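Student: turn this into a structure:
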Amino acid sequence: MGMSAWKRASVCVAAVTVVAGVTSCQAGDGGTKGKAAEPKVLSRGEATEVLQAAFKKTTEAKSAKVRMTMSMPASMQGMGDMAGAAGDGTMEMTGVQGWDPAVMDMTIKGSDLAGLDSDGPSEIRMIMLDNVMYADMGAKQAAEMDGKRWMKLDFRAIAEEAGSKELQKQITGSLESMNQDPAQQLALLLESPNLKHVGPQKVDGVQAQRYKGTLTFEEIVKGNGSLDFLSEEEREELIANAEKSGVKGYDTEVWVNEDDYPVKMVLGMKSDEGTVDITTHYSDYGARATVEAPPAKDTVDLFEMLQGLGEGLSDIGADAGADV
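Tutor: Okay, here's the model as predicted:
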C-alpha cells in the first residue's frame with residue numbers, strides 16, 4: 001500500500017478521534033428562538049419527574065435514528081492540529097445508534113473532514129460493533145489498498161500491544177464516550193443544580209417541552225459513567241487541568257415530545273479557546289438498529305498495517321501516555 005493511502009487512512013483515524021474526544025464533552029447554548037406557545041412552566045420537581053420518565057423510556061428503547069451537527073473552533077486542541085485550517089469548522093453525522101449493546105452506523109461529512117486531507121473522501125461511513133470501529137474509505141482509496149475499502153480500527157488491540165496503561169485508559173474512555181446515548185445525557189441533565197422547564201416549543205414539526213440546565217466540569221466528571229475507569233487522583237487531575245485550560249462549564253438543553261422521548265438536544269462546552277456546539281435530533285426510537293461488520297475480505301486491519309510499516313507500537317504508546 002502506498003504512502004498516499006496511508007495518509008488517507010490517518011484521516012479516518014483523525015475523524016474517529018474527533019468524534020470520540022468531543023462526544024463526552026457535549027454542551028451548548030444554542031436553543032431555538034421564539035415565544036412559547038403556552039404560558040405554563042413546570043416546577044423543578046415536575047420537570048425532574050418528566051425527565052426521569054424520559055430517561056426510563058429512552059433506556060428501554062435501546063436505539064434511535066440520529067442527525068447531529070458539531071461545530072468546533074480550529075484553535076481547540078486536537079481539531080486545530082488535524083484540520084490545519086483557520087476558522088470554525090462543522091461536521092455532520094447521520095445514521096443509527098444503538099445502546100445495550102452499543103452499536104453505531106453513521107456517515108460523517110463536513111468542512112473539517114475535508115480539511116484533514118484534500119485528496120481524501122468527502123464523507124466517511126463509520127460502523128461501531130463490539131467496540132471495534134470500521135471506516136469506509138471509499139472506492140478511490142480502495143484502489144490503493146488492494147481493493148479493500150474498509151479499514152478496521154481496533155484501538156484496544158493496539159493499546160494492548162503497545163503495553164501502555166495510560167493509552168489503554170484513553171482508548172477505553174474514548175470508546176465509552178462514543179457510546180453515550182440520549183438516556184445518559186438525560187441522566188447528566190438531571191444532575192444539574194439549576195434544572196428548569198423553559199416551556200413548549202415545536203421541533204421537527206412535533207410539539208415538545210424544552211428543559212435546560214448547566215453543569216460545571218467537576219459535576220460532569222462526577223456524573224459521567226464513561227469516566228469510571230479513572231482513579232480519584234486522575235479525576236482530580238482532569239478537573240484541575242480543565243480549570244487551567246479555561247473550561248467554563250456546560251449548558252445543556254433538551255426537547256421532550258409528548259411520548260416522553262427526547263427529540264432534540266443542544267449541548268456545548270465553553271472555554272477560552274471557543275465553544276464546541278453539538279445539536280442532535282433523534283427519531284424512530286425503538287426501531288431495530290441492524291449494524292453489521294463489513295466482510296473480512298473487504299477490510300484492512302490498521303493494527304496489521306502498522307506492523308507492516310514497521311511502526312514501533314511501544315513508542316506510540318509512550319508518546320500517547322506522555323500526553324495524558
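
Student: where exactly do the helices run in the stretch 151-300 of the chain?
Tutor: Using DSSP state H, counting those that start in this stretch, the helices of the stretch 151-300 of the chain run over residues 155-162, 165-178, 182-190, 217-223, 232-244.

Student: with only the CA atoms kept, save the third one in CSV.
Tutor: This means helix 182-190. Backbone C-alpha positions of helix 182-190 (Å, rounded to 0.1, in the frame of the first residue of the first chain) are rendered in CSV as follows:
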residue,chain,number,x,y,z
PRO,A,182,-29.5,10.1,24.9
ALA,A,183,-30.5,8.4,28.1
GLN,A,184,-27.1,9.0,29.6
GLN,A,185,-27.3,12.6,28.5
LEU,A,186,-30.7,12.9,30.3
ALA,A,187,-29.1,11.4,33.4
LEU,A,188,-26.4,14.1,33.3
LEU,A,189,-29.0,16.9,32.9
LEU,A,190,-30.9,15.6,35.9
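
Student: worst mean pLDDT among the helices of the stretch 151-300 of the chain?
Tutor: The stretch with the lowest mean pLDDT among those is helix 165-178, at a mean of 58.

Student: contacts for the strand or helix carrying Gln52?
Tutor: Secondary-structure assignment from DSSP states H and E places Gln52 in helix 44-61. If you take CB atoms under 8 Å, 6 or more residues apart in numbering as the criterion, helix 44-61 is touched by 42, 99-100, 181-183, 186-187, 189-190, 195-197, 209, 211, 254, 256, 259-262, 285-286. From N, CA and C alone the C-beta is placed, and that goes for glycine too.

Student: show me what secondary structure element comes after it.
Tutor: Scanning forward in sequence from helix 44-61, with DSSP H and E defining helices and strands, the next element found is strand 63-73.

Student: so which residues make contact with that next one?
Tutor: Outside strand 63-73, the residues that touch it by CB under 8 Å, 6+ apart are 18, 22, 79-80, 88-99, 106, 112, 182, 261, 273-289.

Student: of the residues you listed, just the buried ones, PyMOL syntax please.
Tutor: Once 16 or more other CB atoms under 10 Å is used to decide burial, the buried members of these can be selected in PyMOL as follows:
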select buried, resi 18+22+79+80+89+91+92+93+94+95+96+97+98+99+106+112+182+261+273+274+275+276+277+278+279+280+281+282+285+289
